[in-house]
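> Sequence first, then the predicted structure:
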Amino acid sequence: MSTQVVVPCFSTPMKGLFKSKPRTPADLVHHLRHLLPLTAPNPDPRTSKRRQKTCDEVRKVIHEMRTVLYGDERLEPAEEACVKLTLEFFKDDTFRMLIVCLPNLDPGTRQDVTHVIANLQKQRVNGRSVASDYLERNTDLLTMLLPGCDDSELALSYGAILRDCIRHQVAAKFVLESGHIKTFFKYIQDPSFDIASDATSTFKELLTRHKSTVAEFLSKNYDWFFKEYNSLLESPNYISRRNAVMLLGTMLLDRSNTSVMVQYVSSLDNMRICMNLLRDSNKSIQLEAFHVFKLFAANRTKPQEIVKVLVANKSKLIQFFSDFTFEKADEQFESDKAKVVKEIVILELKYQACSTLKRNVKKSPGEASHLAASVLC
């Protein structure tokens, strides 16, 4: 008589019974801090497998952090968990360790790191930005993120993190006032398109986000800054010229920079650079240059040297603007162009009247005539 042995099947009810308990936000940060120093490359081949396992574990931890902050296809992020992760992350030097060890991680993990840091930078706890407070105490970290890395993939990760940092005014102010912004003039023209493009994005963020800080910086550093900036406008690199003239228009048209704009458009050298850009072979550069040139034409306090150049080139300018158009030109563009032409025509009439009055003053030098000439001219 045979006995049939029935083996109980636990596959369905027992599934997931022995799953590890999800790590808390604090556990994730503590575990990451423990792992990061172990990701450093080691020439000893016997440690390569161990290091690879560590890097794989780091990737998992970073992915878990990303899930906490962004949620997944099943769950939305929990506010309490985001707050706890933010506080734990910025409480000690996890941010510093992550930046230092970023070169040890693979590109996929680096990308997840930038997403995690981007979210943590935006988190607010009791109305305060924990990231801003941290950066105010650790401004030296910003220098580690500045352009200067020859590894384009790593440079892109650093650039993304830096742009998230300078969303905080304290960080942007540090980069501007410490003189590190000079670094960007080099890397904006880097032969590597990725590095140049990333540096340009960060440069624009620095010079447009925090209005009062930027206006103060430009006023204090006008001479050297625009000397360097004009070299970008005259760069043989088409992309550098295009990006530079676009950003210039954005800066000068911002109301916070009115005093800087008046100073810039009062320079004959600056106007000559702009007029050369109007003749650029690229249409988009021509259009952006026009948005800057119209400021020179609209300036009510034009220096006499600028007036003379505009009057001397009146015919050429009017002919140029009569042919100056684009496929997608709108009413605003046509209106601005008409105003520029009108200003140049009126300027010649004023200049001729001024010249006539000055000649009369020389023939009959009276106090009233001198006064009239000074007011008109």
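In hand now; what should we look at?

> Quick one: distance of the helix or strand harbouring residue 96 to the chain centre.
Using DSSP states H and E, residue 96 falls within helix 94-101. Centre-to-centre, helix 94-101 and its host chain are 23 Å apart (Cα atoms, centre = their mean, to the nearest Å).

> which residues are contacting it?
With Cβ atoms under 8 Å, 6 or more residues apart in numbering as the test, helix 94-101 has contacts from 29, 32-33, 36-37, 39-40, 88-89, 113, 117, 134, 138, 141, 144-145, 158, 161. For the C-beta atoms, the positions are set from N, CA and C on the backbone; glycine is no exception.

> now do stretch 324-335
Contacts of stretch 324-335 (Cβ under 8 Å, 6+ apart): 278, 283, 286-287, 290, 337.

> do the same with stretch 64-77
With Cβ under 8 Å, 6+ apart as the test, stretch 64-77 has contacts from 23, 25, 28, 32, 78, 81-82, 85, 112, 115-116, 119-120.

> Next: stretch 183-192.
With contact meaning Cβ under 8 Å, 6+ apart, stretch 183-192 is reached by 146-148, 152, 195-196, 199-200, 202-203, 206, 228-229, 231-232, 235, 237, 240, 243-244.

> how about it: buried residues?
Going by neighbour count (16 or more other Cβ atoms under 10 Å), the buried part of stretch 183-192 is 183-185, 187-190.

> just checking, next helix/strand downstream of the helix holding residue 96?
helix 107-122.

> rewinding a little: show me which pair in the buried residues of stretch 183-192 is furthest apart.
Greatest spacing in the buried residues of stretch 183-192, by Cβ to Cβ: 183 and 189 (11.9 Å).

> How is the spatially most central residue of the chain assigned, secondary-structure-wise?
By Cα atoms, centre = their mean, the chain has its centre lying nearest to residue 205, at 2.4 Å. Secondary structure, DSSP: H, G, I helix; E, B strand; the rest coil: residue 205 is helix.

> Not counting sequence-adjacent ones, nearest residue to it?
residue 163 (5.2 Å; Cβ to Cβ, 6 or more residues apart in numbering).

> Adding pLDDT, distance to residue 344 and neighbour count, write the contacts of stretch 64-77 out as a markdown table.
Listed next are the contacts of stretch 64-77 as a markdown table, based on pLDDT from 0 to 100; distance: Cβ to Cβ, whole Å; neighbours: other Cβ atoms under 10 Å:
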| residue | pLDDT | distance to residue 344 | neighbour count |
| --- | --- | --- | --- |
| 23 | 86 | 69 | 16 |
| 25 | 94 | 64 | 22 |
| 28 | 96 | 65 | 23 |
| 32 | 96 | 63 | 22 |
| 78 | 93 | 63 | 13 |
| 81 | 95 | 63 | 16 |
| 82 | 96 | 58 | 20 |
| 85 | 96 | 60 | 24 |
| 112 | 96 | 56 | 18 |
| 115 | 96 | 52 | 18 |
| 116 | 97 | 55 | 24 |
| 119 | 96 | 52 | 19 |
| 120 | 96 | 53 | 21 |
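
> Return the member of these nearest to residue 317.
The shortest approach to residue 317 among these belongs to residue 115, at 50.2 Å (Cβ to Cβ).

> leaving aside the residues next to it on the chain, what's closest to the closest one?
In space, residue 115 comes closest to residue 66 once its chain neighbours are excluded; the distance is 5.7 Å by Cβ to Cβ, 6+ apart.

> Would you mind identifying the next helix or strand past the stretch of helix or strand that neighbour belongs to?
For residue 66, the host element (DSSP H and E) is helix 48-70. Where DSSP H and E defines the elements, the next helix or strand beyond helix 48-70 is helix 79-91.

> on contacts alone, who are the packing partners of that following helix?
helix 25-35, helix 48-70, helix 107-122, strand 124-125, helix 130-137 (3 or more Cβ pairs under 8 Å, 6 or more residues apart in numbering; DSSP states H and E).

> Swap in 10 Å and give it another go.
helix 25-35, helix 48-70, helix 94-101, helix 107-122, strand 124-125, helix 130-137 (3 or more Cβ pairs under 10 Å, 6 or more residues apart in numbering; DSSP states H and E).

> and the last one, which residues are buried?
Just to be clear, that refers to helix 130-137. 130-132, 134-135.

> got the angle for that helix vs helix 79-91?
10 degrees (axes from the mean of the first three to the mean of the last three Cα atoms, to 10 degrees).
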